[in-house]
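**Q** Just the structure for this:
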Amino acid sequence: MNTLQHTQIKGLFDTSIELPSLIDEIPLGIVVLDTQRRIVLINRSFEALSGFSMEDARGIPCFHIMRSRLCVQKCPLKKMDSNSESISVESDMVNRERQLIPVLINLSPIKDTEGNLTGFLETVEDLRPLKEVDDKTPQAYTYRHLIGKSPEMTRIFQILPLLAQSDSAILITGETGTGKDVLAEAVHQASNRAKGPFVKVNCGALPETLLESELFGHRKGAFTGAVENKPGRFRLAHNGTLYLTEIGDLPLQLQVKLLTFLDDKVVYPLGTAKGFQADVRVIAATHRNLDLMVKERKFREDLMYRLNVVRLHLPPLRERGDDIRLILDHFINIFATRFRKDINRLSKRALKILMDYPFPGNVRELRNIIEYAVNICPRGQIQFTHLPAYLAETKHQYDRSTSEAGEASEWTASFVKSNNEQSGQKTWAYLERDMIIEALVKSKGRRNKTADMLGWGRSTLWRKMKQYKIDA
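**A** Residues are numbered from 1 along each chain as shown. Coordinates of the predicted model:
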């Protein structure tokens, strides 16, 4: 126990008892506050419950560490004096991992030998073991604005609180519209940088000359039109997070500058050799295949390694199973509330169309579909006629593809039979690789046509091409 801590405790209790050692043995969370409701001491049980250490909490106002509903509503300690009785109230708190924990809080004044108020004592009991949880009840798992209970999404929800507490670079991959922006912001909001800025830059939205200035800033006179100093997004994101979306579109020259920053955390604005230290966490995202771009020398391999410390992949909506229904219901509730309409469900036909649709635009497309449907539907159920017209056209394409599937299976069987006859029995992996290459040749490299010929989905074709290292 250091001298300052000992002096504070002695002032509160008018004693030199080794209090920290004593309260560490108590299985309840204990918080000792001064008269300004700043933390003087917490025990090990509270450290474990809150996720904050004594070093993190000392001298900090209680509400920054407790983060309880009581703090937001009305702190009982504001009215407590030396004549007040102890109070007990059931509430909650948000720990460092952003978990909402039900707790029982007991609050008491601390008085010296003359009856003067010298501080406050809080005990905090975790009520989670007492809460009955029905594991059989189906639940929609959520993490901020992300929704899902598929295995892939559940895994992301489980590791996000851990990733949020580090400053490692994160690379988020996934098709357009899968929610990469939402995931990046969720990481930021769950981190210790949540009070800092979250700055987003689209690397494909600006030409190279403007993008460099946008990212790194410039000094007045650095180039024609630079009439004043510009801080740049790295400086704006100081003590926060810089989110680089569409990182695959970042020009090679700027890839070098980004790599330099990731190595030394120093930003050099255009027009000056003097840099500044920027405390910025970088999260990057792309819908492109960066591994393939590295092979084609369109993306630096060393930058790929620096960004790829942690990779999070958001699966396409068509591969998320029952998540589609959860997200459907979520968007119906949102837009029905926003537009003040009494709409709470889809008709069976409308639901079947949406459950069968592949959603090339993923969650973003689903959101737009439901927003349109709620706008058009007057009340009650969303009918098939309230859905965008292109969904009906897509349904006819499915009907045609069903008959074409038979042709695809015949082509595949014919290929296998022919190759076995020509060169004896080959392994299935060998045959499958040759089959994909021949289909690509026949379709002139068009992957949609190739997948149709093989009777596969596009994602299956892409996965197998990656498995067999086929570049096309």
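
**Q** I'd like the distance between the residue nearest to residue 228 when sequence neighbours are not counted and residue 33.
**A** Once flanking residues are discounted, residue 228 sits nearest to residue 220: 5.4 Å by Cβ to Cβ, 6 or more residues apart in numbering. Just so you know, the C-beta spots here come from the backbone N, C-alpha and C atoms, and that holds for glycine as well. Shown here: residue 220 relative to residue 33, a distance of 50 Å by Cβ to Cβ, to the nearest Å.

**Q** Neighbour count: these two, which is higher?
**A** Each of residue 220 and residue 33 has its neighbours counted (other Cβ atoms under 10 Å); residue 33 has more, 21 against 10.

**Q** check contacts around the closest residue to the more buried one other than its chain neighbours.
**A** In this structure, residue 33 finds its nearest non-sequential neighbour in residue 120, 4.3 Å apart by Cβ to Cβ, 6+ apart. Shown in contact with residue 120 (Cβ atoms under 8 Å, 6 or more residues apart in numbering): 32, 33, 35, 37, 77, 80, 107, 108, 109, 110.

**Q** which of the residues you listed are buried?
**A** Neighbour-count burial (16 or more other Cβ atoms under 10 Å) applied to these gives 32, 33, 37, 77, 80, 107, 108, 109, 110.

**Q** These into CSV, with extra columns for secondary structure?
**A** Formatted as CSV, the buried ones among the contacts of residue 120 follow (DSSP: H, G, I helix; E, B strand; the rest coil):
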residue, secondary structure
32, strand
33, strand
37, coil
77, helix
80, coil
107, strand
108, strand
109, strand
110, strand
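
**Q** what's the most distant pair in those?
**A** Pairwise distances across those (Cβ to Cβ) peak at 14.3 Å, for the pair 32 and 80.

**Q** how near is the closest residue to residue 51 other than its chain neighbours to residue 43?
**A** Excluding its sequence neighbours, the residue lying closest to residue 51 (Cβ to Cβ, 6+ apart) is residue 96, at 2.8 Å. Using Cβ to Cβ, one gets 16 Å for the distance from residue 96 to residue 43.

**Q** For residue 241, give me phi and psi.
**A** Dihedral pair for residue 241: phi -130, psi 130, per degrees, to the nearest 10.

**Q** give the contact list for it.
**A** Residues in contact with residue 241 (Cβ under 8 Å, 6+ apart) are 184, 187-188, 191, 193, 196-199, 280-283.

**Q** nearest to residue 450, of those?
**A** residue 184 (32.9 Å).

**Q** hey, C-alpha coordinates of the host helix or strand of the closest one in PDB?
**A** In the assignment (DSSP states H and E), residue 184 maps to helix 180-189. Output of helix 180-189 as PDB, limited to C-alpha atoms (Å, rounded to 0.1, in the frame of the first residue of the first chain):
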ATOM      1  CA  LYS A 180     -18.400  -4.200 -41.900                       C
ATOM      2  CA  ASP A 181     -18.900  -0.600 -40.900                       C
ATOM      3  CA  VAL A 182     -21.200  -1.600 -38.100                       C
ATOM      4  CA  LEU A 183     -18.700  -4.100 -36.800                       C
ATOM      5  CA  ALA A 184     -15.800  -1.600 -36.900                       C
ATOM      6  CA  GLU A 185     -17.800   0.900 -34.900                       C
ATOM      7  CA  ALA A 186     -18.900  -1.800 -32.400                       C
ATOM      8  CA  VAL A 187     -15.200  -2.600 -31.800                       C
ATOM      9  CA  HIS A 188     -14.500   1.100 -31.200                       C
ATOM     10  CA  GLN A 189     -17.500   1.600 -28.800                       C
END
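
**Q** what's that helix in contact with?
**A** Helix 180-189 has contacts (Cβ under 8 Å, 6+ apart) with 143-146, 156, 160, 163-164, 170, 172-174, 194, 198, 200, 240-241, 243, 245, 281, 283, 285, 287, 312, 314.

**Q** low pLDDT regions in the stretch 51-200 of the chain?
**A** Counting by pLDDT under 70, the ranges of the stretch 51-200 of the chain that qualify are 73, 129-141.

**Q** sorry, back to before: generate a ChimeraX selection restricted to the buried entries among the contacts of helix 180-189.
**A** Here is the ChimeraX command that picks out the buried ones among the contacts of helix 180-189, judged by 16+ other Cβ under 10 Å:
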select :143,146,156,160,163,164,170,172,173,174,198,200,240,241,243,245,281,283,285,287,312,314
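
**Q** mind listing which of the contacts of helix 180-189 are in helices?
**A** Taking DSSP state H, the ones among these that sit in helices are 156, 160, 163, 164.

**Q** what's the most distant pair in the residues you listed?
**A** So for the ones in helices among the contacts of helix 180-189, where distance means Cβ to Cβ, the most widely separated pair is 156 and 164, at 11.8 Å.

**Q** ok, now how distant is the residue located most distally from the centre of the chain from residue 82?
**A** Of all residues in the chain, residue 114 has its C-alpha farthest from the mean position, at 53.8 Å, by Cα atoms, centre = their mean. Plainly put, residue 114 is 10 Å away from residue 82 if you go by Cβ to Cβ.

**Q** and what of residue 344?
**A** Here residue 344 is placed at a distance of 55 Å from residue 82 (Cβ to Cβ).

**Q** hang on, the earlier thing: more neighbours: which of residue 96 and residue 43?
**A** residue 43 (25 against 18).

**Q** wait, the more buried one sits on residue 50?
**A** No - applying Cβ atoms under 8 Å as the test, residue 43 and residue 50 come out as separate, 10.8 Å apart.
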